[in-house]
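Asks: Generate coordinates for the sequence data below:
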Amino acid sequence: MSNYVFIIDAQKTPMNPIHPAQARKLLEQGKAAVFRRYPFTLILKRTIDNPVVYPLTLKIDPGSKVTGLALVTDRNQVIWGMELEHRGQQIKLALDSRRALRRGRRSRNTRYRQPRFLNRKRPQGWLSPSLMHRVLTTETWVKRLCKFALVGEIRQELVKFDTQALDKPEISGCEYQQGTLFGYEVREYLLVKWERKCAYCGVENVPLQVEHIHPRAKGGTNRISNLCLACEKCNIKKGTKSIEQYLPKKPDLLKRILAQAKGSLKDAAAVNATRWALLNRLKETGLPVLTGTGGQTKYNRTRLGLPKTHWLDAACVGVTKTLQVLSEHILNVKATGFGGRQRCQTNKYGYPVKHRPLRPIFGFCTGDIVQATVLKGKHQGTFTARVCPMSDGRGEFVINKKRFSVKLDYCKAVHRQDGYSYA
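Replies: Residues are numbered from 1 along each chain as shown. Next up, the predicted model:
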């Protein structure tokens, strides 16, 4: 079943989300029209006086790469889900590229510019652009959902990754981890790090055990860099052997495991750095904001027998006794930005290679979702996709990993670019 459909009346007052079948019926009868494609929202052609609307709970599972959002009714029914993919790494790479170009210009034989020191102070609570992007995009979607649904409260997973304990669990002062939820935080990190697969045979969808790469019997520690996941068969077969003795004829696998074991903790650090900033932003909406722990989220998901997804993790945030999932096909959103403002594009050495035209081009911008109707030719038919307009009057599309172009005269905009792509 797809997500429930948002609906507003003629005065743009949010109503109760409705079932997709009911939404189709309203469209067929001409009582409503499409107000927005993403998220899909209908607008009634009349005003509802004194509507009976029940408040929803918006639950958020913040992540470094993907953030999950879910709307839950007062009857613990999950009626809408979404996964928001951030682009923090792309922002970092763009800033690195800009810094390299500026340093190259400063080292040339040009006029001397005296350095300034009036712009070196950062305000309190400052976050790097790649981290602040995660906070702002989540805030944007929270405000957007509040326009189309009556949100009564917000629940955020305020998870804290103890990076010291992740790197060295045997340090003193970690007795607080030995409660009811002992092991959930470290194990959850390992599941993400090793992609829920056995490190040795790559099997999936089986119970995985925490395994020491360098065995404890030979001086191995509980550091996160010495832990991996293994199925029961591989764990028993390896025993107390070192990884070099266990994989003597598989040098490529040995090299991959050793490299992956030394992975950084930047994702955990990103969540730690942005969790309070996001909480303060959510409080500014004026809605009551409750928080829950990461161990509590996993405990609820495991107890309810739900699969591991970001949006279902969001639905399990906080105190949850029962949960009924009424939505399976969710909205997948990827942050793409509005494109660069640099008109002259350069190569890695700083030399210009091409120039971007001014936008819009023939009424279209890169990122617009259009419906193209091609009457004849190789690409005959009707399809909907994101377009990249070009100066020659054609638009470029990528469908099923195939790139082609059609005339912009055949295109009709259905959703203007807003910095995101949808699936």
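
Asks: domains of this structure?
Replies: 1-52, 54-99+133-159+287-335, 163-172+182-264, 348-422 (automatic domain parsing).

Asks: Mind checking these for the one nearest to Gln114?
Replies: Closest approach to Gln114 among the domains of the chain (C-beta to C-beta): domain 54-99+133-159+287-335, 19.5 Å. No exception for glycine: its C-beta is placed from N, CA and C like everyone else's.

Asks: one step back: least reliable of the domains of the chain going by mean pLDDT?
Replies: Ranked by mean pLDDT, the domains of the chain bottom out at domain 163-172+182-264, with a mean of 80.

Asks: Phi, psi for Val271 please.
Replies: Backbone geometry at Val271, expressed as degrees, to the nearest 10, gives phi -70, psi -40.

Asks: what about Gly219, how many residues close to it?
Replies: The number of residues packed near Gly219 is 7, by other C-beta atoms under 10 Å.

Asks: for Arg275, same thing?
Replies: 19.

Asks: mind listing what the residue lying closest to it once chain neighbours are set aside touches?
Replies: Counting by C-beta to C-beta, 6 or more residues apart in numbering, the nearest residue to Arg275 once its immediate chain neighbours are dropped is Leu158, at 5.6 Å. Listed by C-beta atoms under 8 Å, 6 or more residues apart in numbering, the contact set of Leu158 reads 275, 279, 291-293.

Asks: any idea which helix or strand comes after the strand ranked longest in the chain?
Replies: Counting residues, the longest strand found in the chain (DSSP state E) is strand 77-85. Counting by DSSP states H and E, the element after strand 77-85 in chain order, helix or strand, is helix 88-106.

Asks: next one: that next one to chain centre, how far?
Replies: 24 Å (C-alpha atoms, centre = their mean, to the nearest Å).

Asks: which secondary structure elements does the following helix or strand past it contact?
Replies: Using DSSP H and E, the helix or strand that follows helix 88-106 in sequence is helix 129-148. Counting contacts by 3 or more C-beta pairs under 8 Å, 6 or more residues apart in numbering; DSSP states H and E, helix 129-148 is packed against strand 56-61, strand 66-72, strand 77-85, helix 88-106, helix 266-283, strand 331-335.

Asks: Return the distance of helix 129-148 from the chain's centre.
Replies: 11 Å.

Asks: Run the angle between it and helix 266-283 for me.
Replies: 40 degrees (axes from the mean of the first three to the mean of the last three C-alpha atoms, to 10 degrees).

Asks: just the CA coordinates of helix 129-148, formatted as PDB?
Replies: The C-alpha trace of helix 129-148 is given here as PDB (Å, rounded to 0.1, in the frame of the first residue of the first chain):
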ATOM      1  CA  PRO A 129      28.000  23.700   6.000                       C
ATOM      2  CA  SER A 130      28.000  20.000   5.400                       C
ATOM      3  CA  LEU A 131      26.600  19.400   8.900                       C
ATOM      4  CA  MET A 132      24.200  22.400   8.900                       C
ATOM      5  CA  HIS A 133      22.800  21.100   5.700                       C
ATOM      6  CA  ARG A 134      21.500  18.000   7.500                       C
ATOM      7  CA  VAL A 135      19.700  20.200  10.100                       C
ATOM      8  CA  LEU A 136      18.200  22.600   7.500                       C
ATOM      9  CA  THR A 137      16.900  20.000   5.100                       C
ATOM     10  CA  THR A 138      15.200  18.100   8.000                       C
ATOM     11  CA  GLU A 139      13.700  21.400   9.300                       C
ATOM     12  CA  THR A 140      12.500  22.200   5.800                       C
ATOM     13  CA  TRP A 141      10.600  19.000   5.500                       C
ATOM     14  CA  VAL A 142       9.100  19.300   9.000                       C
ATOM     15  CA  LYS A 143       7.700  22.700   8.100                       C
ATOM     16  CA  ARG A 144       6.500  21.400   4.800                       C
ATOM     17  CA  LEU A 145       4.600  18.500   6.400                       C
ATOM     18  CA  CYS A 146       3.000  20.800   8.900                       C
ATOM     19  CA  LYS A 147       1.400  22.700   6.000                       C
ATOM     20  CA  PHE A 148      -0.400  19.600   4.700                       C
END
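
Asks: which residues are contacting that helix?
Replies: So helix 129-148 is contacted by 6, 8, 12, 14, 36, 39, 41, 58, 60, 62, 64, 67, 69, 71, 82, 84, 86-89, 91-92, 95, 127, 151, 154, 270, 273-274, 277-278, 281-282, 285, 287, 333, 335 (C-beta under 8 Å, 6+ apart).

Asks: Quick check on these: which are buried?
Replies: Among the contacts of helix 129-148, those scoring as buried are 6, 8, 14, 36, 39, 41, 58, 60, 62, 64, 67, 69, 71, 82, 84, 86-88, 91, 127, 151, 154, 270, 273-274, 277-278, 281-282, 333, 335 (criterion: 16 or more other C-beta atoms under 10 Å).
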